[in-house]
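Engineer: Below is the structure, and that's it, no one-letter string:
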């Protein structure tokens, strides 16, 4: 698609698929659920023509990026660590960060855990929510929105969600 390059980068023990176009300051796009880098194709083309290097990975478990078997491999610490390694592989000090949906949540965590890597953050659709240390996030969503809420539908009932990773 109009000169978008596709590469695989080894990050945090997995191989991550990354779409890249342009030269200049890096804009890192984080997709939502159930999306891929492709969600950002129009923004990649527009911003790369304005002098930015646009980078849009398939996040851990999505698209052509590796999907570890263990459920424990998908907590925010692992996904943020993937992004830290990706940013380091780009050999830049800071990125402009853009996140949507699931990517917005991960974007907030990247800003919290590694603020020195983010020049500015554009969050689409998901404001920052402080995590309740007593009630697991999915349980809170289930209480607010019911079992039919899209995130609740994708949960395995046998998985304990009471782990605290942070």
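Structural biologist: Cool, the structure landed. For clarity, every value in this text was computed on a predicted model and none was experimentally measured. Numbers count the residues shown, from 1 in each chain.
Engineer: C-alpha from now on. contacts and neighbour counts both.
Structural biologist: Noted.
Engineer: for the residue sitting nearest the centre point of the chain, helix, strand, or coil?
Structural biologist: Centroid-nearest residue in the chain, with C-alpha atoms, centre = their mean: residue 103, separated by 3.8 Å. Judged by DSSP: H, G, I helix; E, B strand; the rest coil, the three-state class of residue 103 is helix.
Engineer: just checking, residue 53 touches residue 21?
Structural biologist: Yes: when contacts are counted by C-alpha atoms under 8 Å, residue 53 is listed as touching residue 21 (5.7 Å).
Engineer: Comparing these two, which shows the higher neighbour count?
Structural biologist: Ranked by neighbour count (other C-alpha atoms under 10 Å), residue 53 and residue 21 place residue 21 first, with 22 against 19.
Engineer: Return the distance of that one relative to residue 141.
Structural biologist: 37 Å (C-alpha to C-alpha, to the nearest Å).
Engineer: Check residue 104 too.
Structural biologist: Separation of residue 104 from residue 141 (C-alpha to C-alpha): 16 Å.
Engineer: Looking at those two, which one has more neighbours?
Structural biologist: Neighbours of residue 104 and residue 141, each counted by other C-alpha under 10 Å, are more numerous for residue 104; the result is 25 against 15.
Engineer: Test for you: state the pLDDT assigned to the closest residue in space to residue 111 that isn't next to it in sequence.
Structural biologist: The spatial neighbour of residue 111 that comes closest, neighbours along the chain excluded (C-alpha to C-alpha, 6 or more residues apart in numbering), is residue 118 at 6.5 Å. Residue-level confidence at residue 118 comes out at 98, pLDDT.
Engineer: Could I get the contacting residues of residue 118?
Structural biologist: 94, 95, 96, 97, 111 (C-alpha atoms under 8 Å, 6 or more residues apart in numbering).
Engineer: Tell me what the second one is bridged to.
Structural biologist: Residues found in beta-bridge contact with residue 95 (criterion: DSSP bridges) are residue 118.
Engineer: shouldn't it be in contact with residue 120?
Structural biologist: Yes: with contact defined as C-alpha under 8 Å, residue 95 reaches residue 120; the gap is 7.4 Å.
Engineer: Specify which residue of these two has the higher count of neighbours.
Structural biologist: residue 95 (22 against 14).
Engineer: one step back: now the contacts of residue 118 as CSV including pLDDT?
Structural biologist: As requested, the contacts of residue 118 are exported to CSV (pLDDT from 0 to 100):
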residue, pLDDT
94, 98
95, 98
96, 98
97, 98
111, 97
